[in-house]
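>>> sequence and predicted model, in that order:
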Amino acid sequence: MNRWTTGNDEALIEMAAAFITAKAYRAVAERGRFTLVLSGGSTPRRLYEKLGRGVHEGLIERFGERLHQGVRRSGHTPEAVTLPWAETFIFQGDERYVPAGHPDSNYGMVRQTLLKYACIRPNNLFRMPVESGDPEADALRYEKLLRTFFRKTSPETSRAFPTFDLVILGLGDDGHTASLFPEQIRALKEQERWVIAVDAPLASPACSRLTLTLPVINHAESVMFLVPAERYGLARSIHEGRRPELPAGMVRPLNGNPHWFVAEPSMQGTQP
Ligand code: 6PG
């Protein structure tokens, strides 16, 4: 399957949303649920709004997912098929250690976009806790939440790491992804923990963060990157395996290479 998709901003959001929706219906058909990890940052805003509003059935089928009549019964129209909300479980890939109402909060961004439209049950939503004042304790708290969820829903396998159905990632100018930054050697080498707290003094915003670790990301069923046009060249070099030293270059899912959705540089300015 092609793992490099590019296009203008509008088309790219449509295709990325269709890809995610196809993955969701495939996961529900095969495993009865869809576990989705959301990226933070600003790039995914329009994608999350699109997911909330729905994508055209024809585009979803382009990604190989024929939708059964049941989907239609749940109030969808062929023009706006949304995720199977009742069977969809939402998690965070990383979070800045700020209150949910803070402008830098990734959860705040998800609440303003996806959750504005989605009928997600509160029990299907796993927000990273940032209230205790102790990032390490909150990282452990989130890890415990994940372990409990996967123990309950996948008891048949004694997992070292969970298998999320889909992890959505962003890409920073320095090649970071989630809140795994190039200068954080310890965090990048973590091989046991599922969730860790990191200090990110060089990041924007510079603050403590919680993040999933690389083994958790690499154990996912599928991983996708959503990248703005200004990082087209960086994304291309990582996709082609030329930047293994960068955190995003260390995302090598056991189940197959990541899928890249990268906005085409406009004819003016940004060059690939
Ligand atoms: C975060 C993200 C981070 C983000 C990149 C790109 O919390 O900052 O998870 O990995 O995806 O920094 O951010 P933009 O989409 O804002 O460019």
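Happy to help now that I have it.
>>> only C-alpha atoms from now on, for both contacts and neighbour counts.
OK.
>>> dump the residue contacts of Ala16.
If you count contacts by Cα atoms under 8 Å, 6 or more residues apart in numbering, Ala16 has them with 47, 226, 261.
>>> out of those residues, who's nearest the ligand?
The ligand lies nearest to Leu226 out of the contacts of Ala16, by Cα to the nearest ligand atom, at 8.1 Å.
>>> so that closest one sits against Thr177, correct?
No - between Leu226 and Thr177 there is no contact under Cα atoms under 8 Å: 10.7 Å.
>>> contacts only, for Arg53.
Counting by Cα under 8 Å, 6+ apart, the residues that Arg53 touches are 80, 82, 117-118.
>>> ramachandran angles for it?
Main-chain dihedrals, Arg53, degrees, to the nearest 10: phi -90, psi -30.
>>> picking that back up, who wins for most neighbours among the contacts of Arg53?
Thr82 (26 neighbours; other Cα atoms under 10 Å).
>>> how near is that residue to the ligand?
23 Å (Cα to the nearest ligand atom, to the nearest Å).
>>> ok, Leu226 and Thr177, which is more surrounded?
Thr177 (26 against 23).
>>> which residues does the more buried one contact?
Thr177 neighbours (Cα under 8 Å, 6+ apart): 169-171, 247-248.
>>> now those residues in a markdown table, with distance to Pro122, neighbour count and pLDDT?
Shown next, in a markdown table, are the contacts of Thr177 (distance: Cα to Cα, whole Å; neighbours: other Cα atoms under 10 Å; pLDDT from 0 to 100):
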| residue | distance to Pro122 | neighbour count | pLDDT |
| --- | --- | --- | --- |
| Leu169 | 23 | 26 | 98 |
| Gly170 | 25 | 24 | 98 |
| Leu171 | 29 | 22 | 98 |
| Pro247 | 32 | 25 | 98 |
| Ala248 | 31 | 27 | 98 |
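>>> please list which of those also come close to the ligand.
Filtering these for proximity to the ligand by Cα under 6 Å from any ligand atom leaves 169-171.
>>> which of the residues you listed lies closest to the ligand?
Gly170 (3.3 Å).
>>> and that closest one, what does it touch?
Contacts for Gly170 (Cα under 8 Å, 6+ apart) come out as 39-41, 43-44, 177-178, 225-227.
>>> in strands, which of those residues fall?
Here DSSP state E is the test, and the contacts of Gly170 give 225-227 as lying in strands.
>>> ok, so of those residues, who is nearest Ile13?
Nearest to Ile13 among these is Leu226, at 8.9 Å by Cα to Cα.
>>> ok, and the closest non-adjacent residue to the closest one?
Spatially, and ignoring its direct neighbours in sequence, Leu226 is nearest to Phe261 (4.9 Å; Cα to Cα, 6 or more residues apart in numbering).
>>> is the one you found in a helix, a strand, or coil?
Following DSSP: H, G, I helix; E, B strand; the rest coil, we place Phe261 in the strand state.
>>> could you do Gly108 as well?
helix.
>>> circling back to that earlier point, intersection of neighbour lists for Leu226 and Thr177?
If you check Leu226 and Thr177 against Cα under 8 Å, 6+ apart, the residues they both contact are 169-171.
>>> could you dump the residues you listed to TSV with distance to Met15?
Listed next are the shared contacts of Leu226 and Thr177 as TSV, based on distance: Cα to Cα, whole Å:
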residue	distance to Met15
Leu169	16
Gly170	16
Leu171	18
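>>> residues contacting the nearest residue to Arg252 once chain neighbours are set aside?
With sequence-adjacent residues excluded and distances taken as Cα to Cα, 6+ apart, Arg252 is closest to Asn218, at 5.8 Å. For Asn218, the contact set (Cα under 8 Å, 6+ apart) comprises 251-255.
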